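Peer 1: Sequence plus predicted model, see below.
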Amino acid sequence: MLGLLGFYDELDERSGSPNGSILDAVRPVGEPDEADLVAYLDAGHVLIDVMEGGRDVITGSVHRHSSGCSSPMTDGVWLWRLDFPHYLETHHVALPGAFVEHVRSLDYRMPAVSVARFAPHYDETMPLIGWASAVPWRSAATVLVPEPRVVMSKVRFDAEMSAGGRERPYGKRRKARKA
């Protein structure tokens, strides 16, 4: 089974999520290498692209991972939501020691994932987070290779939001709507 990160009660309609309440995970400060941990999570393999929008469940604000926020991601050992890095960098949520050791042992580099070894873990884990309909794992690839993804930094996102695009995660609407 894959380790689970960021599957909190407040992020799902179902009760009893694997990671409990996010309010119990919030800390005043993060790990000393939190920025590297966030970058690692941002570089994860996207398993399913979910087309949705969400807000920070603590503050109610739009954040850099609002679009597609519940898309599941992995490194082959751990599974997390696309928006988990937001909660780590903004609210410094607690991380399992085993995850932190795992990422540090990889020198913060996302590994390639063997689909044959990953698939059984995916199949047993996805129903636990409410994704039973996504089982069994199907992929034409034999290896998931880390690919560069464009992920807007929190600093840039916050700057663009304060510049006027408060309700639009990627800036202001350029054209006026037709009446």
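Peer 2: Perfect, thanks for sending it.
Peer 1: What's the end-to-end length of stretch 135-145?
Peer 2: Stretch 135-145 has an end-to-end distance of 21 Å (criterion: C-alpha to C-alpha, to the nearest Å).
Peer 1: outside of it, which residues touch it?
Peer 2: In this structure, residues lying in contact with stretch 135-145 by C-beta atoms under 8 Å, 6 or more residues apart in numbering are 45, 76, 112-116, 118-119, 122-123, 126-127. For every residue, glycine as well, the C-beta is placed using N, CA and C.
Peer 1: List the buried residues for that stretch?
Peer 2: Neighbour-count burial for stretch 135-145 flags residue 144 (criterion: 16 or more other C-beta atoms under 10 Å).
Peer 1: Return the distance of the residue nearest the centre of the chain relative to residue 103.
Peer 2: Centroid-nearest residue in the chain, with C-alpha atoms, centre = their mean: residue 82, separated by 2.4 Å. Here the criterion is C-beta to C-beta, to the nearest Å. By it, residue 82 lies 17 Å from residue 103.
Peer 1: Emit the PyMOL select command for whichever of the contacts of stretch 135-145 are buried.
Peer 2: Command for PyMOL that selects the buried part of the contacts of stretch 135-145, burial taken from 16+ other C-beta under 10 Å:
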select buried, resi 45+76+113+115+118+119+122+126
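Peer 1: Pick out the most distant pair among the contacts of stretch 135-145.
Peer 2: Put simply, by C-beta to C-beta the two of these set farthest apart are 112 and 127, 25.6 Å from each other.
Peer 1: which of the contacts of stretch 135-145 lies closest to residue 65?
Peer 2: residue 45 (15.6 Å).
Peer 1: Need the nearest residue in space to residue 58, chain neighbours excluded.
Peer 2: Computed as C-beta to C-beta, 6 or more residues apart in numbering, the closest residue to residue 58 that is not its neighbour in sequence is residue 91, at 6.1 Å.
Peer 1: Please tell me I have it right and the one you found contacts residue 24.
Peer 2: No: using C-beta atoms under 8 Å, residue 91 is not in contact with residue 24; the gap is 11.5 Å.
Peer 1: Please state the offset of the helix or strand bottoming out on mean pLDDT in the chain from the chain centre?
Peer 2: Scoring the helices and strands of the chain by mean pLDDT, DSSP states H and E places helix 154-162 at the bottom, with a mean of 71. Distance of helix 154-162 from the chain centroid (C-alpha atoms, centre = their mean, to the nearest Å) equals 19 Å.
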